[in-house]
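J.: Turn this into a structure:
(one chain, ligands or ions: 1)
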Amino acid sequence: MNGADVPSYSYLGPEGTFTEAALLKVPGAGHARRVPASTVGSALDAVRSGAVDAAMVPIENSVEGGVSATLDSIAVGDPLRIVREELVPITFVLAARAGTALADVRRIATHGHAWAQCRAWVDGHVRDAEYVPSSSTAAAARDLAAGEGGFDAAICSPLVAGRLGLAVLGEDIGDISDAVTRFILVGGPGALPPRTGADRTTLVIPLPVDHPGALMQILDQFAARGVNLSRIESRPTGQFLGDYFFSVDADGHVEDARVADALKGLHRISPGLRFLGSYARADRRSPAVERHTSDDAFTAADEWLGTILDGR
Ligand SMILES: O=C(O)C(=O)Cc1ccccc1
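T.: Residues are numbered from 1 along each chain as shown. Alright, predicted model coming up:
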């Protein structure tokens, strides 16, 4: 904890982001040192430099899918470890300065994921709407309240709109009303969070180039050990056209024999495999494990092989 008595956390800020709401769900975070960062990359760099103990960043949205800024920043550079996840239900409002009517709104600032989730509402209520990208929903609202940025409205949380004294021109404007975002708490390499039986393991798997069937072989490592995947996305490495890595969430903990065995198989196919952590699922859902992929089955198989190698 950097010698201080309280832990320190960076997060995608400023105050009032959905990411801060996720951080405040972490036990003790309300009394911790909380350091807002203007990008996901800088929140993670604060962990790498040792300026903070851990960072909270968004990773996945039930409507829009993976958060590329997070998937990419965590995949390269000094190794990081996900130690926890939080789920936050997301509600958006259209906020404006007092005196602005909905008919006057054209330029709307917000985070890319918020914009993507309110597309239908905006199309139906704002004529010739123009998207102004912002680093977060709260940054858009803050700049709007300060009269900066040259936009007419912001899409943000009802809480932030209220705190900044902004008028709400549209309530609950998300196209899917029960949208949820998953956030991850990311620390440096260290002891693994304990296995709970309802865990998730996150991996970065570089796709070997000029290797026919590589993706099939990668997927087969999970399938053959009965390991379910809850997310798989391909992202370009940025090195050259056609060079990709897969960002994967698998059910289970690396201390589960079937997951450990799958990781060993993956490493043989893709030696640049990066282990990003095993941590408890926020929804506490445990996977169904067939008998032949249970820890007991793996132990029995190891013992059986041992008898052969020992000449027994
Ligand atoms: O901009 C924010 O408030 C964030 O925390 C990022 C985000 C944006 C939209 C949905 C979920 C998270």
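J.: Show me the strands in the stretch 151-300 of the chain, by range?
T.: With strands called from DSSP state E, counting those that start in this stretch, the stretch 151-300 of the chain shows them at 153-156, 167-170, 180-187, 199-206, 229-236, 244-251, 274-280.
J.: And the last one, what does it pack against?
T.: Packed against strand 274-280, as judged by 3 or more CB pairs under 8 Å, 6 or more residues apart in numbering; DSSP states H and E, are the following elements: strand 81-89, strand 199-206. C-beta coordinates here come from the backbone N, C-alpha and C atoms, glycine included.
J.: just the ones you listed: most buried one?
T.: With neighbours defined as mean count of other CB atoms under 10 Å, the helices and strands packed on strand 274-280 peak in mean count at strand 199-206, which reaches a mean of 23.
J.: any idea how far the ligand is from the nearest residue to residue 197 once chain neighbours are set aside?
T.: Using CB to CB, 6 or more residues apart in numbering and skipping the chain neighbours, the partner closest in space to residue 197 is residue 286 (5.0 Å). Using CB to the nearest ligand atom, to the nearest Å, residue 286 is found at 26 Å from the ligand.
J.: ditto for residue 72
T.: Distance from residue 72 to the ligand, by CB to the nearest ligand atom: 15 Å.
J.: That residue: what secondary structure?
T.: helix (DSSP: H, G, I helix; E, B strand; the rest coil).
J.: For it, give me its contacts.
T.: 235, 238 (CB atoms under 8 Å, 6 or more residues apart in numbering).
J.: got a list of contacts for stretch 276-290?
T.: With CB under 8 Å, 6+ apart as the test, stretch 276-290 has contacts from 74, 80-87, 182, 184, 192-193, 195-204, 226, 228, 251-255, 258-259.
J.: Check stretch 82-89 too.
T.: The contact list for stretch 82-89 (CB under 8 Å, 6+ apart) reads 18, 21-23, 25-26, 54, 56, 59, 74, 178-187, 193, 200, 202, 276-277, 279-283.
J.: Which entries in those residues are shared with the contacts of the ligand?
T.: 18, 181 (CB under 6 Å from any ligand atom).
J.: How about residue 159: what's its closest non-neighbour residue?
T.: Spatial nearest neighbour of residue 159, chain neighbours left out: residue 16 (6.4 Å); criterion: CB to CB, 6+ apart.
J.: about what we covered before: now which of the contacts of stretch 82-89 would you call buried?
T.: Listed as buried from these are 18, 21-23, 25-26, 54, 56, 59, 74, 179, 181-187, 193, 200, 202, 276-277, 279-282; burial here means 16 or more other CB atoms under 10 Å.
J.: For residue 229, give me its contacts.
T.: Residue 229 neighbours (CB under 8 Å, 6+ apart): 219, 222, 248, 249, 250, 251.
J.: Let me know which of the helices and strands packed on strand 274-280 is the nearest to residue 118.
T.: strand 81-89 (15.1 Å; CB to CB).
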